[in-house]
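# model this:
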Amino acid sequence: MNIQIIGSGYVGLPTAVGFNMLLANRGGVISVIDIDKDRIKNLQSKKSIFYEKKLNEELLKQNNIQFSCDFKNVKNQDIIFICVPTPNDKNNQIDLSYIKSVIDSIYKYLKNGVLLCIKSTVIPGSTLSIKKLLQKKNPKLKFHIACVPEFLKEGSALEDFLNPDRIICGVEDERSKELLTKLYNNSDKLFFTSINDAEMIKYASNSFLSLKVAFINELANLCEKSNCDINLVSLGMGLDKRIAPYFLNASIGYGGSCF
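Presented below is the predicted three-dimensional model:
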């Protein structure tokens, strides 16, 4: 099984290395495409431009991940993961231009039967809109599409990939389900939904974790006024299995383009 990763950032590169480890004894080739020539040159020399725990060590060990800027390489791929940014535009709406640019670059090279997986964070309806775009550009192409959102934490992305809580796969046909089941070696962490449901699960998960961070910080302010120790309060709350201790550490909060 040949796997193509498009995008070599905080999602794409750990995903590529993780799949290479996952498929080590089962055959298959992992390829990575990125338009950033300097980044690809570094990766061909087994150097990552950002830090991720154990990522550089694994890059040094692995000799069979292919890195390239040539989109023609998608022509022999069985499954393609799109891992490019989806920032907000000037109107604070999701910007799908990077994904659309990928489609523009690959549509003429794809083989029939390929499974295209959107791993970028997108709002419900986005994956199916990308499907329509690809159908319009290449009406004769017979392909499958899925939404397989990422749930990786910066700093532990490779570990999160190899030991996931769940693998959400939004699919619309049995063939997509079969391919993803085979790729993930029939993992008991696989959770199949509709494409729209998978997109919503990603956003709902991020929103809920954001709420926990915001809540505990507001509670910390209240504790200061009430002569209470927020560390003990959060610990006592987290002992309740329904609440759990994760993301209940009062802090400066969070920021950046991703949660």
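
# which strands and helices sit next to the lowest-mean-pLDDT helix or strand in the chain?
Using mean pLDDT, DSSP states H and E, helix 55-61 stands out as the lowest-scoring helix or strand of the chain, at a mean of 86. Contact analysis of helix 55-61 by 3 or more C-beta pairs under 8 Å, 6 or more residues apart in numbering; DSSP states H and E lists helix 12-22, helix 157-162 as its packing neighbours. Glycine gets a C-beta too; all of them are placed from N, C-alpha and C.

# what residues does the longest one touch?
With C-beta atoms under 8 Å, 6 or more residues apart in numbering as the contact definition, helix 12-22 has outside contacts at 3, 5-6, 8, 30, 32, 34, 43, 48, 52, 55, 58-59, 62, 64-65, 81, 83-84, 119, 150, 152, 157-158, 160-162, 183-185.

# Pull the distance from that helix to the chain's centre.
11 Å (C-alpha atoms, centre = their mean, to the nearest Å).

# after that helix comes which helix or strand?
strand 30-33 (DSSP states H and E).

# by contact count, what packs against that next one?
Using 3+ C-beta pairs under 8 Å, 6+ apart: strand 30-33 touches strand 3-6, helix 12-22, strand 65-68.

# hmm, try it at 10 Å
Of the remaining helices and strands, those touching strand 30-33 by 3 or more C-beta pairs under 10 Å, 6 or more residues apart in numbering; DSSP states H and E are strand 3-6, helix 12-22, helix 37-44, strand 65-68, strand 79-82, helix 97-106.

# Report the backbone C-alpha coordinates of it in PDB.
Extracted C-alpha coordinates of strand 30-33, given in PDB (Å, rounded to 0.1, in the frame of the first residue of the first chain):
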ATOM      1  CA  ILE A  30       5.500   6.500   2.400                       C
ATOM      2  CA  SER A  31       6.000   9.700   0.300                       C
ATOM      3  CA  VAL A  32       5.800  13.300   1.400                       C
ATOM      4  CA  ILE A  33       5.200  16.300  -0.900                       C
END
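
# Report the beta-bridge partners for the residue nearest to residue 195 when sequence neighbours are not counted.
Of all residues not flanking residue 195 in the chain, residue 170 sits nearest, at 3.9 Å (C-beta to C-beta, 6 or more residues apart in numbering). Beta bridges link residue 170 to residue 147, residue 193 when assigned by DSSP bridges.

# Lovely, talk soon.
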